[in-house]
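> Give the three-dimensional model of this entry:
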Amino acid sequence: MGYLAAALLLILATTAQPAAAEGDDLAQYVNPFIGTAPAPGTGYGVEFDGGDTFPGAVVPTGMLAWSPDTAETHLPGGYAYADHTLKGFSLTHFSGRGCTVYQDVPILPVLGADRRPTFQHANEAASAGDYAVTLDAGVSVELTATTRTGFGRFTFPDDLPATLTVDAGGSVNPVLDAHIDVDGERHMVTGRVQSQIGCGTDAYTLYFAIVFDQPFNSVETANNVATLSFDGPTVHVKPAISYVSVDNAIANLAAENPGWDLSSVRSAARAAWNDVLHRIEVQGGSSDERTVFYTALYHASLEPNVFSDANGDYIGFDDQVHRVADGHAQYANIAGWDQYRALIQLRTILAPDQAGDIIQSLVNDAEQGGGGMPRWEQANRNSAGMVGDSPAVYVANAYAFGAQGFDTQAALAALDLGASTVGASSGGHPVREFGDAWLRLGYVPEQPSITLEYATDDFALAQFARSVGRQDLYDRYASRAAGWTNTFNPASGYVEPRDATGAFETTDHAQWCCGLVEGNAAQYTWMVPFDFAGLVSRLGGNAATVARLDDFFSQSNAGPNRPYAWIGNEPSLVAPWVYDFAGAPDKTRAVVERLRRTEFRPTPDGLPGNDDGGTLSAWYVLAALGLNPAVPGVAGFATASPLFTEADIHLASGSMLHVSQAEHLPPWVDWSARATTSDQSLAR
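Okay, here's the model as predicted:
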């Protein structure tokens, strides 16, 4: 436990009151266009340089996200700020992934022979829960949402017939099956689409029901596209989705969106966002800084998404219909490799009951899908994206920070199975593809980044096991975590690939190569968050480590082919906080302040890389508070200086955590001693 050698506890009682940031409507600071354009600097490629976010209408953790998809640049979020041509307003999106997924069932106004309308940003607006644009042809589009449904208004100019298309086969990835029906009596279009998950070939099925406020004048269907004409000029549209059935989509509409008052649905969406945003209230800072902060909190509250219907039904990993208990939800789109680094900790602090449901969702997936937990879950599939065994650290982080509303013993059993049983599977994919080598050798030949991930996973799993009373499993996994040293080459001072005989291979430490996933040796060497003391020792002590960090942070977002920080990608996210463990907390403060100022901006290019389901945004929210949950599976924060003069974090227990710039914290603050019945202060 050497990583806690310098840890200090400073939690002081306070009577501080909530400090609202200029009124009750914090949603005014949300700019959903942030992250829709490439950030400067990395040169990694258009799909990876920007946030890959979307600007459309969605509520917190919403299943339905109704957003425009542009037609020129192929971005996974569906929307590229540089584009001015639309291919549709589709009903499902994932925020921030580096590969395409969803964008199902686009709805689009028909403008004569031109089926790809154009628009200008001057005629476009987006806010929390609301999106609107007036197309160059004069059609105005207004969209808002509930959790599982949407509400849209399409207003056509007098010289254009009111015509819309609904494309059941318009998903962004290959469509394996689609079907569409038109019910003129109920003014409704229903159907389904089966498409492929992102970064994989497994299939999911989405069902939809779309009701209109007036009869169809005419209907044409061809190739799973329905073309519908109306008297107009204004057509109101209410789509609903379900992953279970068309009937459930219709039931979702009845449960969440029964009327025809767009303004009330829009107001409810904004209120839902204000409820989330008010969980952290700040004082000080400029309007731009509050925009970056609250947009980051907005993005960090999108995924994971509700996956169960209003009646509790959801489709499991076994393709059977299951039902969650009243008051709970099944969640999907759990980006484990990404979100374990900051998002699940933030979400647990702000909404521990919701975090418990997210973890129980992984437990359900394991029970229905082969025994192990999915590494990168989408819909009811394990995409097996990225590497390592991230559910172990994901679950451990949630539990450490207060999520306990899940079956802890079932979770531990699933994680233990995946970590110690060679060939254990989840949704038809191995849990640990290289588990045999890890168990035999204590490292994975030719795969240094996977070695580091397995070490992190096992360390976190050890903490979780001990917390739920399994000292035997703690001993097993804590000892395995030490295997990270087997991929550290003392001759070079870097993590490097090692072959099965134990020999290190010559490596260009500045290049993405040789078993390093989305990064290089210079970046991955810092990714030992559970043993910074051991890392600092191997690098030659505090002074040598600080000097190397200084050089590493001479560039902030260098991409994978330069030996400097790449703060737009996950392996570098913990690196600024290593200074805290090397006796130089002032350096952490300086670097974090610079990163907040230069790499996160209130502009479309204001995210330094893929947001990956809110991961970068969650990192920023915590960094703006001067905090980072650096050690996996351990309830504590490495510290920096906060951005705002005051911040109040409202906890689910009803108590409050107060963060102030007044005095410096020690390099580590223990969260496990947080109060549950009284306010607390982190005095700076």
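> pretty sure A203 is touching I197, no?
Yes - counting by Cβ atoms under 8 Å, A203 does reach I197; the two are 7.4 Å apart. Where C-beta positions appear, they are placed from N, C-alpha and C, glycine not excepted.
> If I look at T15, what pLDDT would I see?
pLDDT for T15: 32.
> next one: S678
S678 is assigned a predicted lDDT (pLDDT) of 42.
> So for A203 and I197, which sits in the more crowded spot?
Neighbours per residue (other Cβ atoms under 10 Å) separate A203 from I197, with I197 holding more: 25 against 16.
> which residues are common contacts for A203 and I197?
Residues touching both A203 and I197 (Cβ atoms under 8 Å, 6 or more residues apart in numbering): R381.
> which residues does the spatially most central residue of the chain contact?
Here the mean C-alpha position of the chain is nearest to the C-alpha of G613 (Cα atoms, centre = their mean), at a distance of 1.8 Å. Applying Cβ under 8 Å, 6+ apart, we find G613 in contact with 94-97, 302-304, 333-335, 338-339, 343.
> min pLDDT across the residues you listed, which one?
Of all these, R97 carries the smallest pLDDT score, 90.
> just checking, which of the contacts of G613 belong to strands?
Applying DSSP state E to the contacts of G613, the entries found in strands are 334-335.
> Tell me where the stretch 101-250 of the chain has helices.
246-256 (DSSP state H, counting those that start in this stretch).
> just for it, where's the confidence low?
114 (pLDDT under 70).
> for the stretch 351-500 of the chain, what spans make up the helices?
Going by DSSP H, counting those that start in this stretch, the stretch 351-500 of the chain shows helices at 352-369, 391-400, 408-420, 435-441, 448-467, 471-481.
> Number of residues surrounding T588?
25.
> Which of the helices or strands spans it?
helix 585-599 (DSSP states H and E).
> Can you spell out which helices and strands pack onto that helix?
When contacts are defined as 3 or more Cβ pairs under 8 Å, 6 or more residues apart in numbering; DSSP states H and E, helix 585-599 packs onto helix 542-552, helix 578-581, helix 615-624, strand 636-639.
> Take these and lay them out in a markdown table including mean pLDDT and distance to E124.
Below are the helices and strands packed on helix 585-599 laid out as a markdown table (pLDDT from 0 to 100; distance: least, Cβ to Cβ, whole Å):
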| stretch | mean pLDDT | distance to E124 |
| --- | --- | --- |
| helix 542-552 | 98 | 40 |
| helix 578-581 | 98 | 42 |
| helix 615-624 | 98 | 22 |
| strand 636-639 | 96 | 39 |
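> now those as a markdown table including distance to E72?
As requested, these are exported to a markdown table (distance: least, Cβ to Cβ, whole Å):
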| stretch | distance to E72 |
| --- | --- |
| helix 542-552 | 37 |
| helix 578-581 | 41 |
| helix 615-624 | 25 |
| strand 636-639 | 42 |
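> so can I have a markdown table of those showing distance to F33 and mean neighbour count?
Output for the helices and strands packed on helix 585-599, formatted as a markdown table (distance: least, Cβ to Cβ, whole Å; neighbours: other Cβ atoms under 10 Å):
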| stretch | distance to F33 | mean neighbour count |
| --- | --- | --- |
| helix 542-552 | 31 | 16 |
| helix 578-581 | 33 | 27 |
| helix 615-624 | 14 | 27 |
| strand 636-639 | 31 | 26 |
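> To G284, which of the ones you listed lies closest?
Counting by Cβ to Cβ, G284 lies closest to helix 615-624 out of those; the figure is 11.1 Å.
> Run the angle between the closest one and helix 585-599 for me.
With axes from the mean of the first three to the mean of the last three Cα atoms, to 10 degrees as the basis, helix 615-624 and helix 585-599 are set at 130 degrees to each other.
> mind showing which ranges of the chain have poor pLDDT?
Ranges of the chain meeting pLDDT under 70: 1-23, 42, 114, 663, 673-684.
> Could you list the domains of it?
Recorded structural domains for the chain (assignment: automatic domain parsing) are 2-16+278-682, 32-277.
> so which of those domains comes closest to L26?
The closest of those to L26 is domain 32-277. By Cβ to Cβ, the value is 3.9 Å.
> Quick one: end-to-end length of that closest one, please.
The straight-line separation of the ends of domain 32-277 (Cα to Cα, to the nearest Å) is 14 Å.
> okay, now the closest residue to R323 other than its chain neighbours: neighbour count?
Take R323 and drop its neighbours on the chain: the residue closest to it by Cβ to Cβ, 6 or more residues apart in numbering is G312, 4.4 Å away. Using other Cβ under 10 Å, G312 has 15 neighbouring residues.
> cool, the one 10 residues further on as well?
As a burial measure, the neighbour count of H322 was computed by other Cβ under 10 Å and equals 18.
> Might you report the residue contacts of T598?
Residues near T598 by Cβ under 8 Å, 6+ apart: S556.
> from now on call the first residue 51
Will do, 51 is the new start, and the previous item becomes T648.
> so the closest residue to P211 other than its chain neighbours bridges to which residues?
Nearest residue to P211, sequence neighbours excluded (Cβ to Cβ, 6+ apart): S279, at 5.9 Å. Per DSSP bridges, the residues bridged to S279 are T213, S268.
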